[in-house]
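Predicted coordinates and the sequence they were generated for:
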Amino acid sequence: MTRAWGSPFAAAALAALLALAGCGGGDRLAGRSTITDCMDPREARSSDIQRNLQALRGAPICYRRQEVSEGGFRWVFHVLEHTKAPDGPFWVLPHDNENAAFDAGVHAVLTYGGGLLAIDTGGSRDLHGQDPNRNFSTSRAESRVCGARHRPAPVFTRAILDHYHTEGRKARGPYLALHNNGNGHAGNGGYGNISMYRTGPSLSHWPGAAVGSRALRDEDNLIFMAGTRPVAADPVARRRIAALNRAGLDVVHKQVSARNFDCSLSDYIARHGLGEYYNIEAQHGARDTQVEMLERLLAELGARPLRTRSRSNPFLD
């Protein structure tokens with residue numbers, strides 16, 4: 001299938017945007033990012049990685065620990081990369097209390113190559129009251145728009161997005177994320193914050209065909225996409241959604257605007273036109289369902305399991 005992500009223009013735009021971030025008098029904030037060399041995953045001080053050591057044992061996996069200090073926060077990222085197939089799909093896991101998402105991410109890296117970046121907040125959703133997935137902004141003007149973040153975080157933003165656009169390397173493909181969510185949502189008696197049944201002026205819902213496991217019909221298991229145009233005016237989004245629906249996947253699409261920008265990764269990518277974004281949202285504990293959704297999504301995006309391909313990863317063709 002034809003794919004239109006990772007364009008040279010998008011990569012150049014991202015580099016220029018991040019180079020300018022923080023410049024201009026009052027927008028300048030001190031911060032730094034460091035990352036270790038490759039280590040054995042057994043050396044990781046991460047309960048998520050320790051829980052997955054049996055699956056990782058003997059696999060060609062590089063573990064690196066990345067630290068970002070900025071705006072009074074010290075962020076820790078755990079990065080796993082497949083050393084024999086490093087250019088496969090790359091995943092961001094913003095929330096440290098979503099174990100099924102992490103376990104599904106490990107399955108993805110072992111099966112398809114690529115890597116993942118998981119933010120460590122000590123097992124909590126937030127770090128000192130800051131949601132990591134409301135921390136993507138590069139200027140004061142931008143961070144003021146979203147109520148959950150009042151200071152820009154250009155170093156944090158750059159540190160994560162650089163894993164997609166590193167110097168001298170081709171973009172890894174679309175931006176991919178993994179999340180877990182509570183059952184239902186507040187509007188229907190549940191406690192989650194996203195659902196196929198949650199309505200809003202910026203949200204459109206696209207139910208998938210009745211194929212695959214029954215769990216795919218659960219309101220909490222869906223693919224989340226974002227863009228600045230309505231789906232009706234975005235032919236690429238329409239084609240993607242139609243293909244995902246045929247594969248049995250429910251889709252929620254958010255139309256991002258200056259009024260509803262919330263400093264999330266999805267909104268940031270849409271706002272700056274960096275490429276396609278897909279978040280696999282599954283209910284807490286639904287690891288097998290999330291893996292099923294992951295495999296269906298990647299099949300539609302053109303990725304193939306490492307065991308079935310003989311040459312370069314078609315994910316980047």
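Looks like it came in fine.

C-alpha only now, for contacts and for neighbours.
Noted.

Which parts of the stretch 51-200 of the chain are helices?
53-56, 99-112, 140-143, 154-161 (DSSP state H, counting those that start in this stretch).

so of these, which one's packed in deepest?
Highest mean neighbour count among those (mean count of other C-alpha atoms under 10 Å): helix 99-112, with a mean of 23.

Not counting it itself, show me its contacts.
Identification of contacts with helix 99-112 by C-alpha atoms under 8 Å, 6 or more residues apart in numbering yields 48, 52, 56, 59, 80-82, 85, 88-89, 91, 93, 115-116, 118, 178-180, 282, 284-288, 290-291, 294, 303-307.

try stretch 255-271
133-137, 143, 145-149, 202-203, 225-230, 275-277.

Just the buried ones from these?
Buried members of the contacts of stretch 255-271, scored by 16 or more other C-alpha atoms under 10 Å, are 133-137, 143, 145-146, 148-149, 203, 225-228, 230, 275-277.

Averaged pLDDT, stretch 203-219. What do you get?
Stretch 203-219 shows a mean pLDDT of 94.

correction: stretch 228-238
For stretch 228-238, mean pLDDT rounds to 97.

One more: stretch 45-55?
Averaged over stretch 45-55, pLDDT sits at 97.

Put the alpha carbons of the helix or strand residue 270 falls within into PDB.
Following DSSP states H and E, one finds residue 270 within helix 265-271. Provided in PDB are the C-alpha atoms of helix 265-271 (Å, rounded to 0.1, in the frame of the first residue of the first chain):
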ATOM      1  CA  LEU A 265       1.700  14.100  21.700                       C
ATOM      2  CA  SER A 266      -1.200  13.600  19.200                       C
ATOM      3  CA  ASP A 267      -2.200  17.300  19.300                       C
ATOM      4  CA  TYR A 268       1.400  18.500  19.000                       C
ATOM      5  CA  ILE A 269       2.100  16.300  15.900                       C
ATOM      6  CA  ALA A 270      -1.200  17.400  14.300                       C
ATOM      7  CA  ARG A 271      -0.600  21.100  15.100                       C
END
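
Tell me the strands beside the helix or strand following that helix, with direction?
Per DSSP H and E, the first helix or strand lying C-terminal to helix 265-271 is strand 277-283. Sheet pairing of strand 277-283 (DSSP bridges) gives strand 175-181 (parallel), strand 222-227 (antiparallel).

Single out the most deeply packed of these.
By mean count of other C-alpha under 10 Å, these have strand 222-227 as the most buried, with a mean of 25.

After that strand, which helix or strand is next?
By DSSP H and E, the next helix or strand past strand 222-227 is helix 235-246.

who's in contact with the closest residue to residue 88 other than its chain neighbours?
Computed as C-alpha to C-alpha, 6 or more residues apart in numbering, the closest residue to residue 88 that is not its neighbour in sequence is residue 114, at 3.6 Å. Going by C-alpha under 8 Å, 6+ apart, residue 114 touches 81, 82, 85, 86, 87, 88, 89, 90.

Leaving out chain neighbours, which residue sits closest to the third one?
Yep, that's residue 85 we're talking about. Per C-alpha to C-alpha, 6+ apart, closest to residue 85 is residue 113, 4.9 Å.

I'd say that neighbour and residue 81 touch.
Yes: counting by C-alpha atoms under 8 Å, residue 113 does reach residue 81; the two are 7.4 Å apart.

okay, these two: which has more neighbours?
Using other C-alpha atoms under 10 Å, the more surrounded residue of residue 113 and residue 81 is residue 113, with 27 against 24.

Return the distance of that one relative to residue 235.
As for residue 113, its distance to residue 235 is 30 Å (criterion: C-alpha to C-alpha, to the nearest Å).

sorry, back to before: OK, contacts around the residue nearest to residue 85?
Contact analysis of residue 113 by C-alpha under 8 Å, 6+ apart lists 81, 82, 84, 85, 86, 87, 88, 89, 306.

count of residues packed around the fifth one?
Going back to what we said before, that points to residue 86. Residues lying near residue 86 (other C-alpha under 10 Å) number 19.

quick one: low-confidence ranges for the stretch 51-200 of the chain?
Scanning the stretch 51-200 of the chain with the threshold set as pLDDT under 70 gives 148-149, 166-172, 184-192.

Can you show me the strands along the stretch 1-150 of the chain?
31-35, 61-70, 73-82, 90-93, 115-120 (DSSP state E, counting those that start in this stretch).

will you turn the helices of the stretch 51-200 of the chain into TSV that also has distance to residue 212?
Formatted as TSV, those follow (distance: least, C-alpha to C-alpha, whole Å):
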stretch	distance to residue 212
helix 53-56	25
helix 99-112	18
helix 140-143	41
helix 154-161	33
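
Tell me which of the ones you listed lies nearest to residue 33.
For residue 33, the closest of those is helix 154-161, at 6.8 Å, according to C-alpha to C-alpha.
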